[in-house]
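1. Got a predicted structure here, sequence first:
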Amino acid sequence: MMTYNESLVKAGVMLAGEGLQPSSKGARVIFNDSPEVISGPFIPPEHLISGFWIFKTETQEEAVEWVKKCPGLDKGTIIEVRKLLEQSDFGEAFSAELEEKANKLREQITGRSGAV
């Protein structure tokens with residue numbers, strides 16, 4: 001897998017990628033009248049996300065071609081490919097003021113490390 005990740009980075013495709021702890025170490029927050037917290041584990045495990053990559057490609061087809069090269073996966077493994085939302089996806093609802101705030105947030109995030 002490391003060789004695969006290195007090839008993604010060398011090609012300039014991989015922006016991020018991480019594995020996730022098992023759901024037994026996680027929690028879900030369900031929003032109804034007030035937030036409700038449910039501790040893991042969650043089932044069925046085959047429907048849970050165990051990790052992620054963020055690719056920068058020109059097309060979804062290009063991303064799929066990279067995913068098809070992923071080594072060492074168990075039979076039945078599913079990798080879902082979806083596009084990240086971009087500011088342009090919100091059309092006129094994303095005002096210049098919101099764009100400025102979003103850019104400032106991005107600047108604040110850059111360089112941070114560590115997470116809960």
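-> Cool, got the structure.

2. Tell me the secondary structure at the residue nearest the centre of the chain.
-> For the chain, the residue nearest the mean C-alpha position is residue 52 (5.1 Å; CA atoms, centre = their mean). Secondary structure state of residue 52, per DSSP: H, G, I helix; E, B strand; the rest coil, is strand.

3. neighbouring contacts of the helix of greatest length in the chain?
-> In the chain, taking DSSP state H as the definition, the longest helix is helix 96-109. Residues from elsewhere that reach helix 96-109 (CB atoms under 8 Å, 6 or more residues apart in numbering): residue 87. Quick note: C-beta positions are derived from backbone N, CA and C, even for glycine.

4. Likewise for stretch 44-64?
-> Contacts for stretch 44-64 (CB under 8 Å, 6+ apart): 8, 12-20, 23, 42, 66, 76, 78, 81, 83-84.

5. Can you give me the end-to-end span of that stretch?
-> 25 Å (CA to CA, to the nearest Å).

6. One more: stretch 24-34?
-> Across stretch 24-34, first to last residue, CA to CA, it's 23 Å.
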